[in-house]
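Peer 1: All I have is the shape, not the residue letters:
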């Protein structure tokens with residue numbers, strides 16, 4: 001039996017994605033969207049089980065409805081500062 005499932009993207013305060021919900025058939029693949037949020041970097045999309053998937057990568061549709069929520073990292077945590085003592 002082929003199931004049709006709905007995938008919903010919660011940007012968690014980020015910019016909207018082209019399609020916030022998708023209706024797909026089990027086994028289909030989608031490319032996870034990217035989104036932006038001032039002062040933050042998108043770390044990926046987290047499902048209800050805590051699994052995080054990288055934006056821009058392929059994601060295979062499971063056999064149940066799934067909500068993926070954007071996970072953000074503070075940009076200050078990703079900056080590296082260097083100082084030359086010479």
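Peer 2: Looks like it arrived, so ask away. These figures come from a predicted structure and were not determined experimentally.
Peer 1: Going by C-alpha atoms from here, please, whenever you check contacts or count neighbours.
Peer 2: Fine.
Peer 1: how close does residue 38 sit to residue 53?
Peer 2: Distance of residue 38 to residue 53, computed by CA to CA, to the nearest Å: 21 Å.
Peer 1: where are the low-confidence patches of this structure?
Peer 2: The chain contains residues with pLDDT under 70 at 1-4, 19-21, 77-86.
Peer 1: let's go with 80 and repeat that
Peer 2: Applying pLDDT under 80 to the chain flags residues 1-7, 18-23, 76-86.
Peer 1: partners of the longest strand seen in it in the sheet?
Peer 2: In the chain, assigned by DSSP state E, the strand with the most residues is strand 66-74. Taking DSSP bridges as the criterion, strand 66-74 forms sheet pairs with strand 4-10 (parallel), strand 40-46 (antiparallel).
Peer 1: so which of those comes closest to residue 25?
Peer 2: For the strands paired with strand 66-74, proximity to residue 25 was assessed by CA to CA; strand 4-10 is nearest, at 4.4 Å.
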